[in-house]
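Engineer: Whatever this is, show me its structure:
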Amino acid sequence: MRARLFVLLLTLIALVVVALLTPLATNYATNAQRQVYIDRLQDTNRFALLLRDGTGTSELSALRDEIERYHDVYGIPTVVLDGHRQVMLSSSPVDIDDPTVSERIDTALSGRSTEEMSIWPWQDHPLVVAVPFLAGEGAGVAGVVVTVSPTDTLRTRVGTVWIVLAALSLGAVALFVAVADALATWVLRPVSSLDAAAHAITSGDLESRAPVGTGPPELRRLARSFNEMAATVSGALDAQRAFVAEASHQMRNPLTALLLRIGNLADAVADENAGDLPDRAKTEYDEAMREGQRLQRVLEELLALARAERHLGAVRRVDVGPVLDERLSAWRVRAELRGQILVRSGVASAEALVDPESLSRVLDELLDNASRYAGDDGVIVAALRAGVGSPGVVRLSISDDGDGLPITELDKVAGRFWRSPSHANVPGTGLGLSIVTSLLQTFGGRLEVTTGPQGGLSVTCVLPNPPSPVPAEKPAADVTEPPVAIEAAAAQGLTER
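Structural biologist: Next up, the predicted model:
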């Protein structure tokens, strides 16, 4: 914005300078030309008056002396022509066939006055003045006196003045540039601060605020209003998250007690029926327990989401490779139970600016999600990429060979409580990737969801990796490690699509 404003102001001042300089330069050149023309016209008229009594020997002799002295002093040649364009006198050779000279001679011989010539610094033709003289009192035009003045001095003087005016204009523009730069900086500094604060808030830093002590009064009021709005929004979000967390926490105990009472009720009914539940009672009991357990998972996920959104971990530069390997090792048992294998690919290590606790939780969610949808005997690929093709970031991908999702549904998977209709038979709450997104946002990461190379779903965590002197990455063997199974881990927060 600062550059655009600066260019706009510079364009306006340039137009103003041009609008003022052009007529000023033109007027100076015109006045200088007119002054020289009038001076030459007066001299030529004086020569023509010497022939007012005729063109006898005495008159021509007197005129010859005048034009020769005139040429010696000013270097301006003069020529006297009769009515037939024949040279009568000449102080120096003049090309009367030159178009400019010839045209003015014809004008003067016709009895008309020659007009003022326009001479600009880039023109090199002379200033020609032609004045007719009469043969006697009441007689017609007998000839013409012509002066041909060099214009080098005139053009040099006008050009010099123009250069001075241009230099002064450039100086004025330079001064304006300095003033405009300072003014634009002063005016736009609050706007830049507002932009930075808004970007920080959208990135998850709800405590970010804009400074209010700089810039014009209008922008100061805008900054104060923005801070008040940000505080209101932040307070509302904190209240909402606190409510969700509190409600989830408060509902867990009654729900657990309710499930226990349903179990006790089932035992009591079974005791009255020789230890077995009637078919209808057993069906209702199973449905009630299934729905209760589903509600428990939803409450756990809501609580995990609220914690993720309020989590403020210690962000530091961490080698992502060991964190990934540690979580893969922790999930080995579950994979062995389901016959799944995990392929580790990419680089062995890559540093990123993350919160290791949040990153571990993200990997747990994504591995659980992939395991859930890869199915028995499925293949899950964990890939760590950095460097070539990913400047400034580290890409950590978990993909499976399950059924995947239609392309039209890929942009919905991170929505809260969203689940694909094609996976309605898979248990879940639809909050897993929402939790992952919130955790990634705490340290500036983001989530990308695409169709995987194996046909299933590929979920990529893009982790920030700002430039810093870090050890060179050690490429992992491009072979897959021995099939690593996913271990049954603590069942906190199951990841769903």
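Engineer: For the longest strand anywhere in the chain, list every residue counted as buried.
Structural biologist: Looking across the chain with DSSP state E, the single longest strand is strand 390-400. For strand 390-400, a neighbour-count test (16 or more other CB atoms under 10 Å) marks 393-400 as buried. From N, CA and C alone the C-beta is placed, and that goes for glycine too.
Engineer: What is it packed up against?
Structural biologist: The contact analysis (3 or more CB pairs under 8 Å, 6 or more residues apart in numbering; DSSP states H and E) places strand 390-400 against helix 320-330, strand 351-354, helix 356-374, strand 379-387, strand 457-464.
Engineer: between the third one and strand 457-464, how big is the angle?
Structural biologist: Compare the direction of helix 356-374 with that of strand 457-464 by axes from the mean of the first three to the mean of the last three CA atoms, to 10 degrees and you get 170 degrees.
Engineer: Which positions within helix 356-374 qualify as buried?
Structural biologist: Within helix 356-374, judged by 16+ other CB under 10 Å, the buried ones are 356, 358-374.
Engineer: hey, which helix or strand in the chain has the poorest pLDDT?
Structural biologist: Here the helix or strand of the chain ranked lowest by mean pLDDT, DSSP states H and E is helix 279-310, holding a mean of 71.
Engineer: any idea how far Ala288 is from Thr214?
Structural biologist: Shown here: Thr214 relative to Ala288, a distance of 63 Å by CB to CB, to the nearest Å.
Engineer: Likewise for Gly54?
Structural biologist: Computed with CB to CB, the distance linking Gly54 and Ala288 is 141 Å.
Engineer: One more: Asp238?
Structural biologist: Look at Asp238 and Ala288: by CB to CB, they are 36 Å apart.
Engineer: which of these two has more neighbours?
Structural biologist: Using other CB atoms under 10 Å, the more surrounded residue of Asp238 and Ala288 is Ala288, with 16 against 13.
Engineer: so what's that one up against?
Structural biologist: Neighbouring residues of Ala288 by CB atoms under 8 Å, 6 or more residues apart in numbering: Ile262.
Engineer: Distance-wise, check it relative to Asn264.
Structural biologist: Distance from Ala288 to Asn264, by CB to CB: 13 Å.
Engineer: Can you give me the neighbour number for Val129?
Structural biologist: Val129 - counted by other CB under 10 Å - has 27 other residues nearby.
Engineer: That one in helix, strand or coil?
Structural biologist: strand (DSSP: H, G, I helix; E, B strand; the rest coil).
Engineer: swap in the one 3 residues further on?
Structural biologist: Going by three-state DSSP, the secondary structure assigned to Pro132 is strand.
Engineer: Count the neighbours of it for me.
Structural biologist: By other CB under 10 Å, 22 other residues sit near Pro132.
Engineer: Ok, Leu89 next?
Structural biologist: 20.
Engineer: Next, find the distance separating the residue nearest to it when sequence neighbours are not counted from Thr55.
Structural biologist: Excluding the flanking residues, the one nearest Leu89 by CB to CB, 6 or more residues apart in numbering is Val80, at 4.1 Å. According to CB to CB, Val80 stands 8 Å off from Thr55.
Engineer: now do Arg334
Structural biologist: Distance of Arg334 to Thr55, given as CB to CB: 128 Å.
Engineer: Give me the distance between Leu20 and Ser208.
Structural biologist: Separation of Leu20 from Ser208 (CB to CB) stands at 47 Å.
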